[in-house]
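Trainee: Sequence and computational prediction follow.
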Amino acid sequence: MPHDAVSVERRDRVAIVRLDRKGRANALSFAIMDALAEAARGFETDTDLAAVILTGADDVFSAGMDLRDPAFARLDDMALAELRALAGLGPRMARAWAGIEAPTVAAIEGPCLGGGLALAAMCDFRVAGPDARFGAPEVAVGVNMGWHSVPRLTALVGAQATRRLLLIGEEWTAEDALRLGFADRIADEGAALDAALAMAATLAARPATATRMVKRQIDAAAHGLDLMASATDMDQHALTWLSEDFRAALKRFGKRGG
């Protein structure tokens, strides 16, 4: 369903999807995840589309899952089927973005963490502002890194860098992300969207059908086993949501203001 925090703008043959909650660290609530998935699916029959840019607020891409989403207060009352359906919203959103036929570019300013990192990893290219930072606090709050992102990250930066990111909690600067191959370009300060638009213009100038076909070939070669490798991450999410570690994290986040 549509959400006020998710907007879609069309500039000729380029679409810009913006997530901007006007605060709350641009966190991903379940309703926002549904809206982002709907936005991605809206491009399925758009044969004129040359590129899609995903961006966040001016100072934060997304700090990840919104742990203050009201749904988390109902975990104890959910039947297993409802719990699994809720845990499936993130993977469905991620796969919707990975499934866009036209090339996708994430324009990233500020924090890109957890679910935000997973969503950015589903795009074909990532342009980072100089103040962008990347991390995955999932293990620290007692949950797995899901949304089909682990095989994606491993393919992009290698197993050892992914281990440091997810298991140790290492954070990357924009320069780190560029060196590791996660970011493709570093933009000038505040200009990640402009740099992404320039990349989209380059893509739009190339033959569209061949571009889409080659994108699919690359995806098949690099990420063809992602679904198999991520088959259990939805159920892992549902299970870890019931853990004491995650309940403690919910209490900590619930005490925060803003």
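Mentor: Sure, I can see it.

Trainee: can you list contacts of the one helix or strand R95 maps to?
Mentor: Using DSSP states H and E, R95 sits within helix 89-98. With contacts defined as C-beta atoms under 8 Å, 6 or more residues apart in numbering, helix 89-98 is touched by 28, 30, 33-34, 36-37, 40-41, 54, 65, 104, 115, 118-119, 122-123, 146-149, 152, 219, 223, 226, 230, 233-234, 237. Backbone N, C-alpha and C define where each C-beta goes, glycine included.

Trainee: Could you list which of those belong to strands?
Mentor: 54, 104 (DSSP state E).

Trainee: among the contacts of helix 89-98, which ones are buried?
Mentor: Among the contacts of helix 89-98, those buried by neighbour count (16 or more other C-beta atoms under 10 Å) are 28, 30, 33-34, 36-37, 40, 54, 65, 104, 115, 118-119, 122-123, 146-149, 152, 223, 226, 230, 233-234, 237.

Trainee: Which ones among the residues you listed lie within helices?
Mentor: 30, 33-34, 36-37, 40, 115, 118-119, 149, 152, 223, 226, 233-234, 237 (DSSP state H).

Trainee: which parts of stretch 54-69 are buried?
Mentor: Buried, per 16+ other C-beta under 10 Å, within stretch 54-69: 54-57, 60-67, 69.

Trainee: from these, which two are the most distant?
Mentor: By the measure C-beta to C-beta, T55 and L67 form the most distant pair in these, at 23.0 Å.

Trainee: And the helices in the stretch 151-258 of the chain?
Mentor: With DSSP state H, counting those that start in this stretch as the criterion, the stretch 151-258 of the chain has helices at 159-163, 174-180, 192-204, 208-223, 226-229, 233-240, 244-254.

Trainee: As JSON lines, these with mean pLDDT and distance to L75 would be great.
Mentor: Output for the helices of the stretch 151-258 of the chain, formatted as JSON lines (pLDDT from 0 to 100; distance: least, C-beta to C-beta, whole Å):
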{"stretch": "helix 159-163", "mean pLDDT": "97", "distance to L75": "28"}
{"stretch": "helix 174-180", "mean pLDDT": "98", "distance to L75": "33"}
{"stretch": "helix 192-204", "mean pLDDT": "98", "distance to L75": "36"}
{"stretch": "helix 208-223", "mean pLDDT": "94", "distance to L75": "31"}
{"stretch": "helix 226-229", "mean pLDDT": "86", "distance to L75": "26"}
{"stretch": "helix 233-240", "mean pLDDT": "91", "distance to L75": "9"}
{"stretch": "helix 244-254", "mean pLDDT": "87", "distance to L75": "8"}
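
Trainee: So for G23, which of the ones you listed sits nearest?
Mentor: Going by C-beta to C-beta, the one of those nearest G23 is helix 244-254, 14.7 Å.

Trainee: between that closest one and helix 233-240, how big is the angle?
Mentor: Put simply, helix 244-254 runs at 80 degrees to helix 233-240, going by axes from the mean of the first three to the mean of the last three C-alpha atoms, to 10 degrees.

Trainee: Which residues are in contact with G88?
Mentor: Shown in contact with G88 (C-beta under 8 Å, 6+ apart): M234.

Trainee: meant to ask about A39, not that
Mentor: So A39 contacts 6, 8, 17 (C-beta under 8 Å, 6+ apart).

Trainee: go on, G146?
Mentor: 87, 90-91, 118, 138, 230, 233-234, 236-237.

Trainee: ditto for E189
Mentor: Counted by C-beta under 8 Å, 6+ apart, E189 has contacts 129-131.
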